[in-house]
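# predicted coordinates and the sequence they were generated for:
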Amino acid sequence: MSVAATQPIPVAPRYQANLTGGSLKVAESRVVAGLMLQGGGPKEWRKAIQTDNLLQARSPGTAERIGRLIRDRLAPMPPEILLLIRDGAGDVATHAVLAAAIRHSSLLGDFMDFVLRDQYRRFSEALTYKLWEDYLEECRGRDPEMPQWSDSTVRRLRSSVFQILAQAGFVQDTRTLALRRPHIAVQVIACLKLNREDYVLRCITVGS
């Protein structure tokens with residue numbers, strides 16, 4: 001057996017900065033979900049994203065960055081969720097994209113599962129920045145391999161999480177952060193149950 005074969009396989013940190021790209025981007029996610037369902041290869045992807053600029057980005061580089069972010073987010077999801085993203089109206093598509101975002105980012109999912117759930121239980125009126133700061137400390141306790149992020153990255157991550165919660169209806173807006181309890185689209189709930197996405201289901205129904 002070679003020395004290389006005996007080396008342990010590195011385990012990715014549970015918490016990563018894969019949310020700094022911003023919000024749910026539902027409109028763009030519809031486009032990417034459609035491309036994924038079509039099953040084209042790299043050539044078709046490059047034509048749609050960079051040449052045809054289906055994401056309506058300002059430059060080919062920006063289009064590729066946004067497209068890759070969304071594709072990575074949607075990749076683990078079953079085709080049924082992709083169909084809801086592509087064809088679903090209003091909250092259906094939004095909640096389907098949220099499900100993908102939770103599946104893609106434990107930083108978002110655990111914030112909903114631990115922090116948001118606790119605030120609902122306490123009948124709190126709004127989220128606070130302090131809750132985010134405390135949450136990151138708790139994350140480091142759960143995952144010692146969590147990267148040491150700069151202050152600017154921490155702020156971007158916080159902004160992305162709160163913006164996602166606002167878009168999905170869990171908070172009224174990113175200014176007041178007033179808590180709300182959205183009714184998650186039944187089509188999304190059914191699809192998550194069918195595919196045994198228990199973690200995503202637990203997080204997305206935290207306000208129920």
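Sure, I can see it.
# for the record, mean pLDDT for the helix or strand hosting residue 32?
Assessed by DSSP states H and E, residue 32 sits inside helix 26-38. The average pLDDT within helix 26-38 is 95.
# who are the packing partners of the very next helix or strand once past it?
Going down the chain from helix 26-38, the next helix or strand is helix 42-46, by DSSP H and E. In this structure, helix 42-46 makes packing contacts with helix 26-38, judged by 3 or more Cβ pairs under 8 Å, 6 or more residues apart in numbering; DSSP states H and E. Any C-beta I mention is one placed from the backbone N, CA and C, and that applies to glycine too.
# ok so, going back, the helix holding residue 32 packs against which elements?
Using 3+ Cβ pairs under 8 Å, 6+ apart: helix 26-38 touches helix 42-46, helix 60-74, helix 79-87, helix 91-104.
# neighbouring contacts of stretch 89-100?
Stretch 89-100 is contacted by residues 24-26, 29-30, 73-74, 76-77, 81, 84-88, 164, 167-169, 182-185, 187-188, 191-192, 197, 200, 204 when judged by Cβ atoms under 8 Å, 6 or more residues apart in numbering.
# which among those residues end up buried?
Neighbour-count burial (16 or more other Cβ atoms under 10 Å) applied to these gives 24-26, 29-30, 73-74, 77, 81, 84-86, 88, 164, 167-169, 182, 184-185, 187-188, 191-192, 197, 200, 204.
# quick check: buried residues in the helix holding residue 32?
Buried positions in helix 26-38, judged by neighbour count with 16+ other Cβ under 10 Å: 26, 28-36.
# just want the angle from it to helix 79-87.
Orientation check (axes from the mean of the first three to the mean of the last three Cα atoms, to 10 degrees): helix 26-38 against helix 79-87 gives 130 degrees.
# mind checking how far helix 26-38 is from the chain centre?
Remark: helix 26-38 is offset 15 Å from the chain centroid, using Cα atoms, centre = their mean, to the nearest Å.
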